[in-house]
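1. 3D, please:
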Amino acid sequence: MKIAILSRNTRLYSTQRLVDVARERGHVVRVLDPLRCYVRIAPGNMSIRYKGKAIKGIDAVIPRIGVTSTFYGTAVLRQLEMMGVYTPNPSDAVLSARDKLRSLQILAAKGLAMPATVFGDNPDDTADVLAMLGEPPHVIKLNEGSQGTGVVLAEKRSASQSVIEAFRGLYANFLVQEFIAEAKGTDLRCFVVGKKVVAAMQREASPGEFRANIHRGATARAATLSAEERRIAVRAASALGLGVAGVDMLRSKRGPLILEVNASPGLEGIESASGVDVAGAIIHYLETEAGASLQTPARRRSQRA
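-> Below you'll find the model as predicted:
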């Protein structure tokens, strides 16, 4: 297969691992910076160019789109989809996962458990919005933050109101969630590929920190998931339409609670903690899902269009 990886940096661990594994398995791989792609949209003539040359003959694309390039990156991904290129994570699914409010609404509609979540726009409603959530502590999050940025723990109602006012002053979209104390600063990252969890790790926040993000100094170790945790992780990824996803959840008194679903989960932490060849699992999934349709004449005609 000819595989494209949408990534802004070829030296990133995740990008390099996917490149190395795909080449080891005999595939042709090209890393494309989505911000250097440019497109032509016309009926029956969809095309895309990169650094002065047409992009043709791509069989599958793996999006590794960062938060700051979500809009443009997903537009490029959508163009490739319209040219008949297979992707495990379609552009609409990436957009749904990147929007925390939207993704939680989709997951809730599927009956998947999560920390109680509220949001409101008007300052006059803040007291009632917080009353809907219950007593603090509260966790206040930017809607499109990543790696723990824009996530604040407010231990008193007055602190919650102050943080909300500050976010509103920055015209930032945010949500407020109940704090799950029994998780004790730990969470689970379940790496879903296709219809199964291929690896999992438990992350533990550093002393004095409640965010269990590795980028925030958290430590990680391999985790053994229950059957229910595996089932919930796969359902969450499927609900958002993602073939490759990092599902974060908390262990609580009332069972697993989903925090968020990541459409571009990093590979370094999960491979290091679990010892699993996650990159290999992703490429194998591409071979399985994209391979069957590669020789279909109609698809080839679509790619040439």
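2. Can you give me the buried ones in the helix or strand harbouring R78?
-> Element membership for R78, per DSSP states H and E: helix 70-82. Neighbour counts over helix 70-82 (16 or more other CB atoms under 10 Å) mark 70, 73-74, 76-81 as buried. C-betas here are computed from N, CA, C, even on glycine.
3. now stretch 59-67
-> So, applying 16+ other CB under 10 Å, buried residues of stretch 59-67: 59-66.
4. one step back: ok, the buried residues of helix 70-82 vs L133, which is closest?
-> Using CB to CB, T70 comes nearest to L133 of these, at 27.6 Å.
5. G57 - how many residues pack around it?
-> Per other CB atoms under 10 Å, the neighbour tally for G57 reads 12.
6. sorry, back to before: kindly reformat the buried residues of stretch 59-67 as a markdown table containing distance to L259, pLDDT and secondary structure.
-> Formatted as a markdown table, these follow (distance: CB to CB, whole Å; pLDDT from 0 to 100; DSSP: H, G, I helix; E, B strand; the rest coil):
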| residue | distance to L259 | pLDDT | secondary structure |
| --- | --- | --- | --- |
| D59 | 34 | 96 | coil |
| A60 | 29 | 97 | strand |
| V61 | 27 | 98 | strand |
| I62 | 24 | 98 | strand |
| P63 | 22 | 98 | strand |
| R64 | 21 | 97 | coil |
| I65 | 20 | 94 | coil |
| G66 | 20 | 90 | coil |
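7. Make CSV from these and add distance to I48 to it.
-> Below are those laid out as CSV (distance: CB to CB, whole Å):
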residue, distance to I48
D59, 15
A60, 15
V61, 11
I62, 16
P63, 14
R64, 17
I65, 15
G66, 19
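8. out of those, who's nearest R40?
-> V61 (17.8 Å).
9. quick one, helices of the stretch 201-305 of the chain?
-> 227-239, 268-274, 278-291, 297-304 (DSSP state H, counting those that start in this stretch).
10. go on, the stretch 51-200 of the chain?
-> 70-82, 91-98, 100-109, 126-133, 157-169.
11. Pick out the most distant pair among the buried residues of stretch 59-67.
-> D59 and G66 (23.9 Å).
12. domains for the chain, by residue range?
-> 2-88, 116-179, 182-291 (the TED database).
13. now stretch 238-247: how far from the chain's centre is it?
-> In terms of CA atoms, centre = their mean, to the nearest Å, the centre of stretch 238-247 is found 8 Å from the chain centre.
14. So for that stretch, what gets flagged as buried?
-> 239-247.
15. just stretch 107-123 next, same as before
-> So for stretch 107-123, counting by 16+ other CB under 10 Å, buried means 107, 112, 114-115, 117-120.
16. And for T224, nearest residue in space, chain neighbours not counted?
-> Spatial nearest neighbour of T224, excluding adjacent residues (CB to CB, 6 or more residues apart in numbering): A200 at 7.6 Å.
17. Next: A172.
-> Going by CB to CB, 6+ apart, A172 has L142 as its nearest residue, at 5.6 Å.
18. In contact with that neighbour, which residues are there?
-> 149-151, 167, 172-174 (CB atoms under 8 Å, 6 or more residues apart in numbering).
19. re the thing from before, nearest to C190, out of the buried residues of helix 70-82: which one, please.
-> Checking these one by one against C190 (CB to CB), the nearest turns out to be T70, at 22.7 Å.
20. right, and the closest one touches E144 too?
-> Yes - look at T70 against E144 with CB atoms under 8 Å: they come within range, at 7.4 Å.
21. Which residues are in contact with each of the two?
-> R98.
22. What's the end-to-end length of stretch 263-270?
-> End-to-end distance of stretch 263-270 (CA to CA, to the nearest Å): 15 Å.
23. So for it, mean pLDDT?
-> Stretch 263-270 shows a mean pLDDT of 96.
24. rewinding a little: show me the two of the buried residues of stretch 107-123 that sit farthest apart.
-> L112 and G120 (22.9 Å).
25. hmm, which helix or strand of this protein has the shakiest average pLDDT?
-> Of all the helices and strands that make up the chain, helix 297-304 has the lowest average by mean pLDDT, DSSP states H and E, namely a mean of 44.
26. quick one: low-confidence ranges for the stretch 1-150 of the chain?
-> The stretch 1-150 of the chain contains no residues with pLDDT under 70.
27. mind listing what G275 touches?
-> Contacts of G275 (CB under 8 Å, 6+ apart): A222.
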